[in-house]
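In: can't give you the sequence, but here's the structure:
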C-alpha cells in the first residue's frame with residue numbers, strides 16, 4: 001500500500017503542469033455545486049453522501065459536490081483518505097496563506113481521528129476566509145474560518161486533478 005502515494009507523485013511529475021491544480025473548469029463547477037448544496041442547507045447525517053434530502057456528512061458533502069461537478073476520478077472516501085490523497089482525491093499540502101477557493105481544509109478534533117473533519121474554502125482574501133462544511137449541529141453551512149477552531153486545523157490541501 002505504500003507504493004500508491006509514491007506512484008501518485010511519480011505520475012504527477014511526468015504528467016505536466018495541468019495536474020498541479022484543479023483545472024479552472026473543474027474548480028468553477030465544484031464551487032458552484034458547493035454553493036448550491038449550501039443554499040439547500042441539508043441536515044448532517046453521519047455517512048450521508050447520496051443526496052441532499054437524506055443528509056450529508058463532511059466528506060459526503062464534498063464527494064457529492066465533486067460528483068455533480070463531474071470532477072474525474074473522485075470516489076466516496078473518508079476524510080482521512082482524502083487528506084493523504086487516496087481514493088481519487090489526488091492533492092498536495094499547501095499553507096493556509098496560500099489557500100484558494102475550493103482548496104480542502106482538515107481538522108483534527110480527536111487524536112483517534114486524524115483529519116476527522118473536512119471542508120472547503122469558498123472565499124479567500126487577506127481579511128476573510130469563508131469555509132463550507134457539514135456541521136453536526138447546523139447541517140451544511142458556509143461560515144468565516146474565524147468562527148471555527150483554527151488551532152485544530154491539521155492540513156490544507158489543493159486538489160491536483162487536471163483535465
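Out: That came through fine. Just so it is clear, the model here is predicted, and its values are computed rather than measured.
In: and the longest helix belonging to the chain, what does it pack onto?
Out: If you go by DSSP state H, the chain has its longest helix at helix 24-40. For helix 24-40, the elements it packs on are helix 58-68, strand 117-123, strand 130-135, strand 139-144, judged by 3 or more CB pairs under 8 Å, 6 or more residues apart in numbering; DSSP states H and E. (C-beta placed from N, C-alpha, C; glycine too.)
In: figure out which of those is closest to residue 94.
Out: Closest to residue 94 of the helices and strands packed on helix 24-40 is strand 117-123 (CB to CB; 10.6 Å).
In: nearest residue to the residue most central in space within the chain other than its sequence neighbours?
Out: Nearest to the mean C-alpha position of the chain, by CA atoms, centre = their mean, lies residue 104 at 3.6 Å. Leaving out its chain neighbours, the residue that sits closest to residue 104 by CB to CB, 6 or more residues apart in numbering is residue 157, at 4.7 Å.
In: pretty sure that neighbour sits against residue 94.
Out: Yes. Residue 157 is in contact with residue 94 according to CB atoms under 8 Å; the separation is 6.7 Å.
In: and for the two, which residues touch both?
Out: Listed as contacting both residue 157 and residue 94 by CB atoms under 8 Å, 6 or more residues apart in numbering are residue 103.
In: more neighbours, those two?
Out: Neighbours per residue (other CB atoms under 10 Å) separate residue 157 from residue 94, with residue 157 holding more: 22 against 16.
In: sec struct for that one, please.
Out: Classification of residue 157 by DSSP: H, G, I helix; E, B strand; the rest coil places it in strand.
In: for residue 56, give the beta-bridge partners.
Out: Beta bridges link residue 56 to residue 44, judged by DSSP bridges.
In: hmm, residue 76 is touching residue 49, no?
Out: Yes. Assessed by CB under 8 Å, residue 76 is found in contact with residue 49 at 5.3 Å.
In: check the contact lists of the two and give me the overlap.
Out: Counting by CB under 8 Å, 6+ apart, the residues touching both residue 76 and residue 49 are 59, 60, 63.
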